[in-house]
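1. Quick one, fold the following:
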Amino acid sequence: MENIWGFSITVFMAFFAIMNPVVNIPIFVKLTGGVDAKGKKRIAKTSNLVALIIVTAFILVGKYIFEIFGLTIPAFKVFGGILIFFIGFEMLQSKKPSIHQNEKAVFDEGIAISPLAIPVLAGPGTIVTAMNFVVGADILHVLLTIVIFALIVMLTYLAFIYSSLMINLVGQKNFVIIGKIMGLILGVLGANMLIEGIKMAFGI
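-> Sure, this is the predicted structure:
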């Protein structure tokens, strides 16, 4: 039982660090600027549901998915890193990410899936972390990993739908600062992910 609790705490902390709901709030708000409350809620629901489905799929059959399509973790890291870096760069310039085509558009099939679900929520780091916990694990540990990830997804969904309230509590000016900092962090994370992908690809 102690091993189960220890495993659960470790998995929770790992997923929380990768998918920190609070840290992702500025990203969500930035990408959904101009969208009404109903639209934001729909985007939050879709992005988190897609992230849950993707990561659960990789937990269960990730190894086979990569083999069937000839995918590699390094390639996934390189592409994810480039996309995250680009978003962070635009945030630093106080620009709305080019994902915005029209502020009044319905984004459920756009930013809800990319970049929110992929790679912000279900990025290479999240997928690799999930797969690492279930390699050689028994069915109980696999199910625990899925349940814990679902809990993190729920926390992220709540953080997204109450993002405006949380930002109002923090203050708009402070939110702008947080947005800039998040842009910097995203840029660095993207660059770091890209470097890791290149290192893995060439065995450096």
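2. Residue ranges in this protein under the pLDDT threshold?
-> Applying pLDDT under 70 to the chain flags residues 1-2, 94-109, 172, 175, 178.
3. Do a quick rundown of the helices in it.
-> 2-18, 25-31, 37-69, 73-92, 124-134, 139-161, 163-170, 172-202 (DSSP state H).
4. residues contacting F66?
-> Going by CB atoms under 8 Å, 6 or more residues apart in numbering, F66 touches T72, I73. Glycine gets a C-beta too; all of them are placed from N, C-alpha and C.
5. quick one: it and F58, what's the gap?
-> 9 Å (CB to CB, to the nearest Å).
6. what's the answer for K173, then?
-> Taken as CB to CB, the span from K173 to F58 is 40 Å.
7. more neighbours, the two?
-> F58 (20 against 8; other CB atoms under 10 Å).
8. isn't that one right next to T129, touching?
-> No. If you go by CB atoms under 8 Å, F58 and T129 don't touch, sitting 10.2 Å apart.
9. returning to what we had before: closest one to S114 among the helices of the chain?
-> S114 lies closest, by CB to CB, to one member of the helices of the chain: helix 73-92, at 7.7 Å.
10. Buried residues in the closest one, which are they?
-> 73-74, 76-81, 83-92 (16 or more other CB atoms under 10 Å).
11. Over to stretch 171-191?
-> F175, I178, G179, M182, G183, I185, L186, G187, L189, G190, A191.
12. Test my guess that the fourth one contacts P26.
-> In other words, M182. Yes. The criterion here is CB under 8 Å, and M182 meets it with P26 at 4.4 Å.
13. Spit out the residues that contact those two alike.
-> M91.
14. Touching, T156 and P21? I think so.
-> Yes. Counting by CB under 8 Å, T156 touches P21, with 4.3 Å between them.
15. out of those two, which sits in the more crowded spot?
-> Ranked by neighbour count (other CB under 10 Å), T156 and P21 place T156 first, with 27 against 20.
16. how close does the nearest residue to M200 once chain neighbours are set aside get to V188?
-> In space, and not counting its chain neighbours, M200 is closest to P74: 4.0 Å by CB to CB, 6 or more residues apart in numbering. Taking CB to CB as the measure, P74 falls 19 Å from V188.
17. And L71, by the same measure?
-> According to CB to CB, L71 stands 25 Å off from V188.
18. now the residue sitting nearest the centre point of the chain: how far from F86?
-> Centroid check for the chain by CA atoms, centre = their mean gives L121 as the closest residue, at 1.5 Å. As defined by CB to CB, L121 lies at a distance of 17 Å from F86.
19. Also G203?
-> On the measure of CB to CB, G203 and F86 end up 27 Å apart.
20. now swap in I113 and tell me
-> Distance from I113 to F86, by CB to CB: 16 Å.
21. what do you get for M154?
-> For M154 relative to F86 (CB to CB), the value is 29 Å.
22. Equivalent analysis for N192, please.
-> Distance of N192 to F86, computed by CB to CB: 14 Å.
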